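> Got a predicted model here, sequence first, then my questions.
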Amino acid sequence: MGREIVDYLHQADFSVVVQIAFLGNFLLFFLSITFYAVVHYLYNSKQELVERHPILKADIGNAILNISLNAVIAIAGIYMLRIGWIKIVDLDWMVFPIKFLGVLFLVDFLMFILHWLVHKSFLYRYFHYRHHTFERTNALSLFVMHPLENVMFGVILVIVFTLISCDIFTVGFYLGFNLLWGILGHIGFNLFEFKNRWITNGLFHMNHHHDIHINFGFYTSIWDRLFKTHRES
Ligand SMILES: [Zn+2]
Ligand SMILES: [Zn+2]
C-alpha cells in the first residue's frame, strides 16, 4: 500500500496535490482544536484547570496563515519527492522503529538547538516572542507563531527526511506523533499523568511558557538536562 501512495504522489496532477495538502492540513487543524475542546470540556469539572488565554482575532488569523504555510511546506516536500531530493523507500517492519526513533531524535536535537538559540539572541524579540504571547494556552496556541518559525521547522523536517530515507508510514507516523505531542504540550496539564525522566509530558512545555528560561526541548528532556536548563515544575 505504501508504494501505491508514493506512486500516486509522483503521478497525481499537481493541482490535486495542492488541494490534498490544503484540505489535509485544515482537517488536522480542525481535529486538533476539536480534541482540545473535548478534553477541556471533559476535564473542566474534574481538575483545577489553568485559566485559558482568550481566543483573539489576531491569533485566529495567524493560525490560519500558519496552517496554509504548512500546506505549502507539504507541497514543497512532495515536489522534492518528485524531483528525487527526498527519497521514500519501501517499508521494512524491522527497520521501522529504528528509523522512527532516528527521525525523532534528530528533530529533537535540532529543534532544541534552534529553540535555545532564538531564546538567547535578538531573534526572540523578532520571531519567537509571538508564540510566547501565551503564558496561558488555548486551542490555538500550538499554531500561533511567527510564520518564519513555521518555515524553519519545515526546513528542519526536509533536512531530516533528506538525511534519513524513510518509508511513507514512518513519515506519516512521525507527523501524526509530532502533532499529538504538540497538542498535549499546549493543553495546559498532564493529560495522561505521564511521568518519565527522559520523555517530556504535558507539563514540560507549559512550564516553558510560564518561564522562558527553562525546558527548551520537545520530545525529550535529554538536552535540557545536559545543558542544565531543565526544571520539573
Ligand atoms: Zn520558546
Ligand atoms: Zn508552546
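Yes, it's here. Numbering: from 1, shown residues only. Ligands and ions are numbered 1, 2, ... in the order given.
> which residue packs closest to residue 177, ignoring adjacent ones?
Nearest in space to residue 177, with sequence neighbours left out and distances taken as CB to CB, 6 or more residues apart in numbering, is residue 104 at 7.5 Å. Just so you know, the C-beta spots here come from the backbone N, C-alpha and C atoms, and that holds for glycine as well.
> same check, this time on residue 136
residue 53 is the one closest to residue 136 (CB to CB, 6+ apart), at 4.6 Å.
> Test my guess that that neighbour contacts residue 138.
Yes: Residue 53 is in contact with residue 138 according to CB atoms under 8 Å; the separation is 4.5 Å.
> Please work out how many residues are found near residue 191.
Other residues near residue 191 number 15, with proximity taken as other CB atoms under 10 Å.
> check contacts around it.
Shown in contact with residue 191 (CB atoms under 8 Å, 6 or more residues apart in numbering): 39, 43, 184, 202.
> at 10 Å what do you get?
39, 43, 47, 183, 184, 201, 202, 203 (CB atoms under 10 Å, 6 or more residues apart in numbering).
> Model confidence at it, what's the number?
Residue 191 is assigned 83 on the pLDDT scale.
> Repeat that for residue 48.
53.
> now residue 219: how far from residue 184?
Distance check for residue 219 against residue 184: by CB to CB, to the nearest Å, it reads 11 Å.
> should've said residue 167
Distance from residue 167 to residue 184, by CB to CB: 26 Å.
> Neighbour count: the two, which is higher?
Higher neighbour count among residue 167 and residue 184: residue 184, with 25 against 22, using other CB under 10 Å.
> got the contact list for the more buried one?
Residue 184 neighbours (CB under 10 Å, 6+ apart): 35-36, 39, 142, 190-192, 194, 200-206.
> Contacts made by stretch 221-233 with the rest, please.
105, 108-109, 111-113, 115-116, 119, 195-201, 203-204, 206-208, 210-211, 213-217.
> how distant is that stretch from the center of its chain?
20 Å (CA atoms, centre = their mean, to the nearest Å).
> Now do the buried residues in that stretch.
Across stretch 221-233, burial judged by 16 or more other CB atoms under 10 Å covers 221, 222, 223, 224, 229, 230.
> show me where this structure has helices.
Here the chain has its helices, by DSSP state H, at 2-11, 14-43, 57-83, 96-119, 123-126, 147-163, 168-185, 202-210, 222-226.
> So which elements touch the fifth one?
For helix 123-126, the helices and strands in contact under the criterion 3 or more CB pairs under 10 Å, 6 or more residues apart in numbering; DSSP states H and E are helix 96-119, helix 147-163.
> okay, it in CSV with CA atoms only?
Backbone C-alpha positions of helix 123-126 (Å, rounded to 0.1, in the frame of the first residue of the first chain) are rendered in CSV as follows:
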residue,chain,number,x,y,z
LEU,A,123,15.7,36.6,17.4
TYR,A,124,13.5,36.1,20.4
ARG,A,125,12.1,39.6,20.2
TYR,A,126,11.6,39.5,16.4
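> what is the mean pLDDT for that helix?
Rounded mean pLDDT across helix 123-126 is 91.
> Can you give me the neighbour number for residue 163?
Neighbour tally, residue 163, other CB under 10 Å: 10.
> Surely it and residue 85 touch.
No: between residue 163 and residue 85 there is no contact under CB atoms under 10 Å: 11.4 Å.
> Next, format the helices of the chain as JSON lines and append distance to residue 89.
Listed next are the helices of the chain as JSON lines, based on distance: least, CB to CB, whole Å:
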{"stretch": "helix 2-11", "distance to residue 89": "9"}
{"stretch": "helix 14-43", "distance to residue 89": "21"}
{"stretch": "helix 57-83", "distance to residue 89": "12"}
{"stretch": "helix 96-119", "distance to residue 89": "9"}
{"stretch": "helix 123-126", "distance to residue 89": "36"}
{"stretch": "helix 147-163", "distance to residue 89": "11"}
{"stretch": "helix 168-185", "distance to residue 89": "9"}
{"stretch": "helix 202-210", "distance to residue 89": "32"}
{"stretch": "helix 222-226", "distance to residue 89": "28"}
